[in-house]
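Novice: return atomic coordinates for the entry below.
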Amino acid sequence: MKTKLKLAVYLIAGLMFGLSANAQKTVIKKEALPANAQTFLKTHFGSKKPSYILEDKEILSTEYKVQFDNKIEIEFDKKGNWKEVDGKNEKIPKSIVPKKIASYIKTNFPKEKVTKIEIGTFGYETKLSNGLELKFNLKGDFSKIDK
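Specialist: Now for the predicted structure:
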């Protein structure tokens, strides 16, 4: 019985290693991004040209990463929906932050700028210029401070 369990563990580990080994990153043009990602970039960054755009293909998923000269990085899922905008400690465009979240930050942290925002299954996580990380639900209601 132990031999079968060990064999199963080795097979799963080998499969996981094999899946990650098949990841392929490719530089692509803006026009090759999904339509949602192209619209997002045009809306929030206008005619600014990215330094590079990567398509990260794995067996079960595809993601995109866009970086601008000012070091802002944006990650998109396979459908072109944004997952993360990281200003690398510089402020990100206000237009990306949902209004309810922006209003909360302006009221409670008037001198701080949003330097990073992520959207996940359960809500948003923002990072402020003072290093605080704030969490909000998907409706934009504040839930807690992380840090």
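Novice: residues in contact with Lys65?
Specialist: Taking CB atoms under 8 Å, 6 or more residues apart in numbering, we find Lys65 in contact with Ile53, Leu54, Asp56, Glu73, Ile74, Glu75, Phe76. Heads up, the C-betas are built off the backbone N, CA and C, glycines and all.
Novice: between these, which is nearest Ile101?
Specialist: The shortest distance between Ile101 and any of those, using CB to CB, involves Ile74 and amounts to 17.3 Å.
Novice: any idea how far the residue positioned nearest the centre of the chain lies from Ile72?
Specialist: Most central residue of the chain, judged by C-alpha distance to the mean C-alpha position with CA atoms, centre = their mean, is Glu84 at 2.2 Å. As judged by CB to CB, to the nearest Å, Glu84 and Ile72 stand 11 Å apart.
Novice: ok, now Thr121?
Specialist: 24 Å.
Novice: out of the two, which sits in the busier spot?
Specialist: Set side by side, Thr121 and Ile72 show unequal neighbour counts under other CB atoms under 10 Å, the larger going to Ile72 at 24 against 5.
Novice: surely the more buried one is in contact with Val85?
Specialist: Yes: if you go by CB atoms under 8 Å, Ile72 and Val85 touch, sitting 6.8 Å apart.
Novice: name the residues contacting each of those two.
Specialist: Counting by CB under 8 Å, 6+ apart, the residues touching both Ile72 and Val85 are Ile92.
Novice: where does the prediction get shaky in this structure?
Specialist: Counting by pLDDT under 70, the chain contains low-confidence ranges at 1-23, 147.
Novice: strands of that one, start to end?
Specialist: Shown for the chain, the strands assigned by DSSP state E span residues 24-27, 50-57, 62-68, 73-76, 82-86, 114-119, 123-128, 133-137, 142-146.
Novice: dump these to a markdown table, plus distance to Ile96.
Specialist: Written out in a markdown table, the entries for the strands of the chain read as follows (distance: least, CB to CB, whole Å):
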| stretch | distance to Ile96 |
| --- | --- |
| strand 24-27 | 24 |
| strand 50-57 | 15 |
| strand 62-68 | 13 |
| strand 73-76 | 9 |
| strand 82-86 | 5 |
| strand 114-119 | 6 |
| strand 123-128 | 10 |
| strand 133-137 | 14 |
| strand 142-146 | 18 |
